[in-house]
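Student: Let me see the structure of the following:
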Amino acid sequence: MKKVGLLCGREWSWPPKFLEEVNRRNAGVVAEFVKLGGTRMDEPTPYSVVIDRISHEVPYYRSYAKKAVLDGVSVINNPFMWTADDKFFGAALLTKLGLAHPKTVVLPNQDYVPGIVKSESLRNLEYPMDWQAIVDHVGLPCILKDAHGGGWRGVYVCHSMEELIRYYDSSGLLTMIAQEFIQWDQYVRCMCVGQNTVLPMPYDPHNRRYIPDADYLTPALRDRIVEDSLTVVKALGYDMNSVEWAVKGGVPYAIDFMNPAPDMDINSLTPGNFDWCVTAMADLVIDLCHNPRPPLRELHWSKLFN
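Tutor: Coordinates of the predicted model:
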């Protein structure tokens, strides 16, 4: 009997439905919550697949997930890539992939840990920062947000240079990016599972709700968004991700596409999208248990460095 382990936090709707869906199929696979209380370096990992939805907030779980990869376990998502990604790297990656993306600038930190002596430790930084050049590049209004953040936390729409600087000055130890603001005509969030399955979901980011409209996208635009989403997740190597597209003039711009623990709550997704996520993730882990991939020897985007 193959085993699937689930690492998750306080989310209440998706985990039990997913476990129930896997276990009811009688496919030679059993799914359960991972239970941990200290992990030995030579301790075998008892799972064929581990789904990680919380290690970005619980560092011990990230260490466990990396050890599981070392043991040949398929970890969703790869903890080494998850540790390495950030929104500025993602912007540069999508540029290399030829996908539309807002102009993006990563900024020096506003503040530093106590060991940094600003007058001595930052000799590589230009001072003062050329705010005019930054604004000239990304335009106004622009977006200021944490390069490592998620869940719409710490995201600011800045309508002037003064506003941009004021929000930047409050960012503390965070590494912020300034980004072109796309005045979108349509907005779509895609749930991506297994690097081959995509569910485009029309979305209203102002009110944080999904739009139940089967005709929201033309077939051609829908196909392009699906194709571009697959390009993103294949480059990142993510088997569980959401990708957000702001459509302007018929062109989908990738706005937020590094979400390795995407929201799967029934109240936000709506029941139909929720059921899709339960079924698609169950299909994925059962397939990975019976048809394991070769061990990952290098990250998928390494070929871009040639």
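Student: from here on, contacts and neighbour counts on C-alpha atoms
Tutor: OK.
Student: So Pro200: helix, strand or coil?
Tutor: Secondary structure, DSSP: H, G, I helix; E, B strand; the rest coil: Pro200 is strand.
Student: Quick one: residues contacting it.
Tutor: Taking Cα atoms under 8 Å, 6 or more residues apart in numbering as the criterion, Pro200 is in contact with Val188, Arg189, Cys190, Met191, Arg222, Ile225, Val226.
Student: could you redo the last one with a cut-off of 10 Å?
Tutor: Each residue near Pro200 by Cα atoms under 10 Å, 6 or more residues apart in numbering is listed here: 188-192, 217, 222-223, 225-226, 229, 242-245, 273.
Student: Then Lys67?
Tutor: The contact partners of Lys67, by Cα under 10 Å, 6+ apart, come to Thr39, Arg40, Met41, Asp42, Glu43, Pro44, Thr45, Tyr61, Val73, Pro79.
Student: I'd like these laid out as a markdown table, including pLDDT, secondary structure and distance to Ser55.
Tutor: Rendered in a markdown table, the data for these read as follows (pLDDT from 0 to 100; DSSP: H, G, I helix; E, B strand; the rest coil; distance: Cα to Cα, whole Å):
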| residue | pLDDT | secondary structure | distance to Ser55 |
| --- | --- | --- | --- |
| Thr39 | 96 | coil | 15 |
| Arg40 | 96 | coil | 18 |
| Met41 | 96 | coil | 18 |
| Asp42 | 95 | coil | 21 |
| Glu43 | 95 | coil | 19 |
| Pro44 | 94 | coil | 20 |
| Thr45 | 96 | coil | 17 |
| Tyr61 | 98 | helix | 5 |
| Val73 | 96 | coil | 16 |
| Pro79 | 94 | helix | 8 |
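Student: one step back: and which of the contacts of Pro200 is nearest to Glu20?
Tutor: Proximity of those to Glu20, judged by Cα to Cα, is greatest for Asn273, which lies at 17.3 Å.
Student: quick one on the thing from earlier: filter the contacts of Pro200 down to the buried ones.
Tutor: Burial by neighbour count, 16 or more other Cα atoms under 10 Å: within the contacts of Pro200 this picks out 188-192, 217, 222, 225-226, 229, 242-245, 273.
Student: Out of those, list just those in helices.
Tutor: Residues from the buried ones among the contacts of Pro200 lying in helices, with DSSP state H as the criterion: Arg222, Ile225, Val226, Ser229, Asn273.
Student: just checking, the third one touches Val198?
Tutor: Yes: proximity of Val226 to Val198 meets the contact threshold set by Cα atoms under 10 Å, at 6.1 Å.
Student: Now for those two: what residues contact both?
Tutor: Contact criterion Cα under 10 Å, 6+ apart; residues shared by Val226 and Val198: Cys190, Met191, Cys192, Val243.
Student: now those residues in JSON lines, with distance to Pro128 and pLDDT?
Tutor: Rendered in JSON lines, the data for the shared contacts of Val226 and Val198 read as follows (distance: Cα to Cα, whole Å; pLDDT from 0 to 100):
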{"residue": "Cys190", "distance to Pro128": "40", "pLDDT": "98"}
{"residue": "Met191", "distance to Pro128": "42", "pLDDT": "98"}
{"residue": "Cys192", "distance to Pro128": "42", "pLDDT": "98"}
{"residue": "Val243", "distance to Pro128": "35", "pLDDT": "96"}
